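Enquirer: let's see this in three dimensions:
(3 chains)
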Amino acid sequence: MRRPVITLTTDFGLSDHFVGTMKGVILGICPEAQIVDISHEIGPFGIHEGAYLVAQAYPYFPRGTVHVVVVDPGVGTSRRPILAEAAGQRFVAPDNGVLSFIYAREKHKVRWIKAERFFLKNVSRTFHGRDVFSPAGAHLARGVAPAKFGKPIIDYMRLHIEKPVRTARRGWTGAILKIDHFGNLITNFPADGFPDLDTRPFELSVGLQTVERLARNYAECGPSELFVIAGSSGYLEISASQASAAKILGCGVGAPVELRLL
Amino acid sequence: MRRPVITLTTDFGLSDHFVGTMKGVILGICPEAQIVDISHEIGPFGIHEGAYLVAQAYPYFPRGTVHVVVVDPGVGTSRRPILAEAAGQRFVAPDNGVLSFIYAREKHKVRWIKAERFFLKNVSRTFHGRDVFSPAGAHLARGVAPAKFGKPIIDYMRLHIEKPVRTARRGWTGAILKIDHFGNLITNFPADGFPDLDTRPFELSVGLQTVERLARNYAECGPSELFVIAGSSGYLEISASQASAAKILGCGVGAPVELRLL
Amino acid sequence: MRRPVITLTTDFGLSDHFVGTMKGVILGICPEAQIVDISHEIGPFGIHEGAYLVAQAYPYFPRGTVHVVVVDPGVGTSRRPILAEAAGQRFVAPDNGVLSFIYAREKHKVRWIKAERFFLKNVSRTFHGRDVFSPAGAHLARGVAPAKFGKPIIDYMRLHIEKPVRTARRGWTGAILKIDHFGNLITNFPADGFPDLDTRPFELSVGLQTVERLARNYAECGPSELFVIAGSSGYLEISASQASAAKILGCGVGAPVELRLL
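Expert: Residues are numbered from 1 along each chain as shown, chains lettered A, B, ... in the order given. Modelled structure (predicted):
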């Protein structure tokens, strides 16, 4: 039998006991689980960032994987814990929009987790990662049917995920979705929506600069030269050769990006 | 058969090979081990901090778990490696007080690990995490009886764990135990020792400020407002809504905390 | 049957989904794998640093371990993915010299991985950690024979690994290989090549200071005192008691080190 996979995505950092404690809870309930960290370095309360990271990772996990996502500024309020089924996988999270990319992409069903028998006995007010989401995820991984957790709902929260807006016949305005560890800026322009960039001139403006070059790899351009690349994220990314494009451009998440085909 | 769980808590950070190498040693001896990181971001030589983190995590781990704790400024000196049994679990650590919270809470037995056949063949002077504690923990997880490691001792080191001191009929002085990733200040006031705060007015002073509000969750108060909350740690914590209380207060570990019931 | 061990060493950091996604790919192909992180905090494009860390870790892993090493500034160019067999273990990496310490120490065979059936179907231009190295490593761990991945090559890239140069009858010039989490400076002087330091006076100069003391452990010297120690790395290391030698000396990787026996 295949060992069930459980992933964890949180804003808890790695300097506390939080993530380790969640794993203890999971292994107490589902000893055969294979636990994988997606990231725990999401900015505090970074719901958009968490949504983006989970969406980047889940397509590469095996069927049946349970993703536990705990970016939860509303912990202890009446916000609902939810269970989403999509793409042959399961997601356990607070109902704050952190699964929005998945809702946008996949056929899905969302349930409100109400069955408190799948939580720890004493639920704290501030650490539902330990007391609610980890045990629910572990019971799910062990084989408890989703329907046992609660009934389907349709009024779950969806974030507005910005898409590029067409502003001229050959012009679009989009935004920076995420800055990665290397300082690459990931835009919200889907790479396969703009195949023309390979063959015709363009201008992509971000911050005070305009980028006119499309590269196929990071090593192709001169040191610190800015270029556009069809990144592994599926989006157009703005990079700099062996340097941080984010530092060169001084741009952050949400900064506007203008694309003009020439 | 349940796979044995081994946890690791160190001050080694994640930028070196240290933690990965310990895992290699463990898997060489106990291939079926499930290894869980509690934290490796303990401040260098942070014995108190390590003691606090292990104490927060272990109650959530299954019976039989082996916790390997390596915060070890005395590595290579005559300080003893020890094995403690408590709460149905086992702890392998240097004898420097890093298990003090466990001694204070649980019935326990401590042994001096003298059986060098459970160490690596060549023991370095500076990396007993690799050469002593990981192999000892792995042999223990594999099923070697604690008694084979060495005889019980009673003169093991205990840290003074500060508790709040009563300074008036309705007044106590305590201290900050730990600052977490979110900037919450964890005091040493046990939450269940002060149930009155829910129903009667109080003043809790820390740094230059006085907090008079008890909250049930992080979202209840206005932006950056300071409040007291019965945290998941079991202690009263001082938090700020969507902000770092530690930054607002400019306080660190050890700072005094005054509580007055009104 | 022993679960196959796969280690990961990258410069991806832990704030993105990159490492988690690689693990999803691996578990999809080889569900029984035990995945161990060596480090993901290698400086961007730090080929020397990655080479050093892998070389420190692999001797402590069980036979048959597969090490996936992705420090890969040339991703998407024609640099080759390679598979090296050495010391009863396997290494999957880009051919940029990141396995050089292993080539220098062990009998080895290197193959150019050409069998694209062991890659993901769609190989991106920028994330071969996910699309090439993880799936190749997972297939290898599952039992696919190395010969199926490609033919042996002999023109793989080797970094120049600096060794101390004898500059006088009793004098050598070496360099700093690595600075660890604690600020210890790891030199390239093999500890077992200079056993005399135990018994005769010496001067080791680095930066503007000269160190004349050999210590057996970190606790033996006064606060902030600099000393030389035969470190767990197998090299002479320059340390300071409960302080960062790197900060005291203001030295970085590559800084020259002079040793004179008196």
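Enquirer: all contacts plus neighbour counts: C-alpha atoms, from now on.
Expert: Fine.
Enquirer: list the contacts of A:Val221.
Expert: To be clear, residue A:221 is Cys; Val isn't right here. Contacts for A:Cys221 (Cα atoms under 8 Å, 6 or more residues apart in numbering or on different chains) come out as A:Ala215, A:Phe227, A:Ser241.
Enquirer: identify the bridge partners of the closest residue to A:Leu214 other than its chain neighbours.
Expert: Leaving out its chain neighbours, the residue that sits closest to A:Leu214 by Cα to Cα, 6 or more residues apart in numbering or on different chains is A:Val228, at 4.7 Å. When bridges are called by DSSP bridges, A:Val228 pairs up with A:Leu214, A:Ile238.
Enquirer: residues touching A:Val228, list them.
Expert: Residues in contact with A:Val228 (Cα under 8 Å, 6+ apart) are A:Val211, A:Glu212, A:Arg213, A:Leu214, A:Ala215, A:Leu236, A:Glu237, A:Ile238, A:Ser239.
Enquirer: closest to chain B out of the residues you listed?
Expert: A:Ser239 (24.6 Å; Cα to the nearest Cα).
Enquirer: can you get me a residue count around A:Asn122?
Expert: Number of residues near A:Asn122 (other Cα atoms under 10 Å in any protein chain shown) recorded here: 8.
Enquirer: kindly report the same for A:Ala168.
Expert: Residues contacting A:Ala168 under the criterion other Cα under 10 Å number 10.
Enquirer: same question, A:Ser244
Expert: Per other Cα under 10 Å, the neighbour tally for A:Ser244 reads 21.
Enquirer: ok, the closest residue to it other than its chain neighbours - contacts?
Expert: Excluding its sequence neighbours, the residue lying closest to A:Ser244 (Cα to Cα, 6+ apart) is A:Gly183, at 4.2 Å. A:Gly183 sits next to A:Ser239, A:Ala243, A:Ser244, A:Ala245, A:Ala246, A:Lys247 when contact means Cα under 8 Å, 6+ apart.
Enquirer: redo these as TSV? Include distance to B:Phe133, secondary structure and pLDDT.
Expert: Formatted as TSV, the contacts of A:Gly183 follow (distance: Cα to Cα, whole Å; DSSP: H, G, I helix; E, B strand; the rest coil; pLDDT from 0 to 100):
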residue	distance to B:Phe133	secondary structure	pLDDT
A:Ser239	44	strand	95
A:Ala243	41	strand	90
A:Ser244	40	coil	93
A:Ala245	43	helix	95
A:Ala246	43	helix	95
A:Lys247	43	helix	95
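Enquirer: if I look at A:His181, how far off is chain C?
Expert: 6 Å (Cα to the nearest Cα, to the nearest Å).
Enquirer: scratch that, A:Ile102 is what I was asking about
Expert: A:Ile102 is 15 Å from chain C, by Cα to the nearest Cα.
Enquirer: that residue in helix, strand or coil?
Expert: Secondary structure for A:Ile102, judged by DSSP: H, G, I helix; E, B strand; the rest coil, is helix.
Enquirer: nearest residue to it other than its sequence neighbours?
Expert: A:Ala55 (6.3 Å).
Enquirer: which SS class is the residue nearest to A:Ser244?
Expert: Quick answer, by three-state DSSP: A:Gly183 is coil.
Enquirer: can you check A:Gln56 too?
Expert: The three-state assignment at A:Gln56 reads helix, by three-state DSSP.
Enquirer: these two touch, right, it and A:Ser233?
Expert: Yes - shown here, A:Gln56 and A:Ser233 form a contact pair, counting by Cα atoms under 8 Å, at 6.6 Å.
Enquirer: so what's A:Ile82 up against?
Expert: With Cα under 8 Å, 6+ apart, A:Ile82 has these contacts: A:Val92, A:Ala93, A:Pro94, A:Asp95, A:Val110, A:Arg111, A:Trp112, A:Ile113.
Enquirer: near the fourth one, how many other residues are there?
Expert: Translated: A:Asp95. Neighbours of A:Asp95 (other Cα under 10 Å): 23.
Enquirer: the residue nearest to A:Gly150 when sequence neighbours are not counted: what's it in contact with?
Expert: Among residues not flanking A:Gly150 along the chain, A:Ile113 sits closest, at 4.8 Å (Cα to Cα, 6+ apart). A:Ile113 is in contact with A:Arg80, A:Pro81, A:Ile82, A:Leu83, A:Phe149, A:Gly150, A:Lys151, counting by Cα under 8 Å, 6+ apart.
Enquirer: before we move on, what about A:Ile176?
Expert: Contact analysis of A:Ile176 by Cα under 8 Å, 6+ apart lists A:Leu185, A:Ile186, A:Thr187, A:Asn188, A:Gly252, A:Val253, A:Gly254, A:Ala255, A:Pro256, A:Val257.
Enquirer: so which bits of chain A are right by chain C?
Expert: Residues of chain A lying close to chain C by Cα under 8 Å from any Cα of the partner chain are A:2-3, A:36-42, A:53-54, A:56-58, A:60-62, A:180-182, A:216-220, A:230-232, A:242.
Enquirer: show me which of the residues you listed are buried.
Expert: Neighbour-count burial (16 or more other Cα atoms under 10 Å in any protein chain shown) is assigned, among those, to A:3, A:36-42, A:53-54, A:56-58, A:60-62, A:180-182, A:216-219, A:230-232, A:242.
Enquirer: which ones among these lie within helices?
Expert: Using DSSP state H, the subset of those located in helices is A:Leu53, A:Val54, A:Gln56, A:Ala57.
Enquirer: could you dump these to CSV with pLDDT?
Expert: Below are those laid out as CSV (pLDDT from 0 to 100):
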residue, pLDDT
A:Leu53, 97
A:Val54, 98
A:Gln56, 98
A:Ala57, 98
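Enquirer: how is chain A divided into domains?
Expert: Chain A breaks down by automatic domain parsing into domains covering A:5-153, A:165-261.
Enquirer: among those domains, which is the most enclosed?
Expert: Mean neighbour count (mean count of other Cα atoms under 10 Å in any protein chain shown) peaks for domain A:5-153 among these, with a mean of 21.
Enquirer: so how far is the strand ranked longest in chain A from its chain's centroid?
Expert: The longest strand of chain A (DSSP state E) is strand A:171-179. Computed by Cα atoms, centre = their mean, to the nearest Å, the chain-centroid distance of strand A:171-179 equals 16 Å.
Enquirer: could you do stretch A:43-62 as well?
Expert: Worked out by Cα atoms, centre = their mean, stretch A:43-62 lies 2 Å from the chain centre.
Enquirer: what are the phi and psi angles of A:Leu261?
Expert: Note on A:Leu261: its backbone torsions stand at phi -80, psi 140 [degrees, to the nearest 10].
Enquirer: name whatever forms a beta bridge with it.
Expert: Here A:Leu261 shows beta-bridge partners A:Phe202, assigned using DSSP bridges.
Enquirer: quick one: it and A:Arg170 touch, right?
Expert: Yes - assessed by Cα under 8 Å, A:Leu261 is found in contact with A:Arg170 at 5.3 Å.
Enquirer: the stretch 51-200 of chain A: strands as residue ranges?
Expert: If DSSP state E, counting those that start in this stretch is used as the criterion, the strands of the stretch 51-200 of chain A fall at A:66-70, A:81-86, A:89-94, A:108-112, A:152-153, A:165-168, A:171-179, A:185-190.
Enquirer: got these as TSV, with mean pLDDT columns?
Expert: Below are those laid out as TSV (pLDDT from 0 to 100):
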stretch	mean pLDDT
strand A:66-70	98
strand A:81-86	98
strand A:89-94	98
strand A:108-112	98
strand A:152-153	98
strand A:165-168	95
strand A:171-179	95
strand A:185-190	96
